[in-house]
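[1] next input, structure requested:
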Amino acid sequence: MKHGFKIALAFAGALAAAPSFAHDLGFAGLLSNTNMEELPEITLSVGKPLADGPLVLKSGSGYEIEITSDGSGELALEGPGFFRAIWVNEVVVNDLEIRPYGLESLEFDDEGTMEIEFIAIKPGNYFLRIPGSTGEGQRLDITIQ
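    Sure thing, here's the model as predicted:
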């Protein structure tokens, strides 16, 4: 019985010495409201920049981003490296929730807005861009730290 008592005390001491997390994420874990951040909107429009500047995201944090097309042209957005570095929880289009296994690109045939909710996973430097474009404003650089 003495050995069991010593093991129990050692285990309790190890638990007490274990590091604590900076904040409790609650029942939803990574998808809780305390872990979600709304990002600036991306706008798809012929001849106009996608966004104001680069995005810096934190691995393990959740984000929501709206992507809006003004209908000035049939425009797509690609970023296979970025889409493979995140876990997509849902894509919302016209109040319809889509829960895809993954994404590689998006395309707007007409004006509209979609919202993507995701968790940043793999640190690195990525981009989203309009396919075939060469203008710097047609590309959004994204860093996951």
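
[2] mind checking which helix or strand of the protein has the lowest mean pLDDT?
    helix 2-17 (a mean of 50; mean pLDDT, DSSP states H and E).

[3] residue 38 against residue 62, yeah?
    No - taking contacts as C-beta atoms under 8 Å, residue 38 lies outside contact range of residue 62: 10.1 Å. Yep, even glycine has a C-beta here, placed from its N, CA and C like the rest.

[4] list the beta-bridge partners for the residue most central in space within the chain.
    The chain has residue 118 as the residue nearest its centroid, 3.7 Å off, counting by C-alpha atoms, centre = their mean. Per DSSP bridges, the residues bridged to residue 118 are residue 63, residue 88.

[5] surely it touches residue 87?
    Yes - when contacts are counted by C-beta under 8 Å, residue 118 is listed as touching residue 87 (6.2 Å).

[6] which helix or strand lies directly C-terminal to the least confident helix or strand of the chain?
    Note on helix 2-17: by DSSP states H and E, the next helix or strand toward the C-terminus is strand 36-38.

[7] show me what whichever helix or strand comes after that following strand pairs with in its sheet, parallel or antiparallel.
    Counting by DSSP H and E, the element after strand 36-38 in chain order, helix or strand, is strand 42-44. Strand 42-44 has the following strand partners under DSSP bridges: strand 62-69 (parallel).

[8] got the buried residues for the partner strand?
    62-63, 65, 67-69 (16 or more other C-beta atoms under 10 Å).

[9] which pair in those residues spans the largest distance?
    Maximum pairwise distance among the buried residues of strand 62-69 (C-beta to C-beta): 24.2 Å, between 62 and 69.

[10] before I go, just wanted to say thanks for your time.
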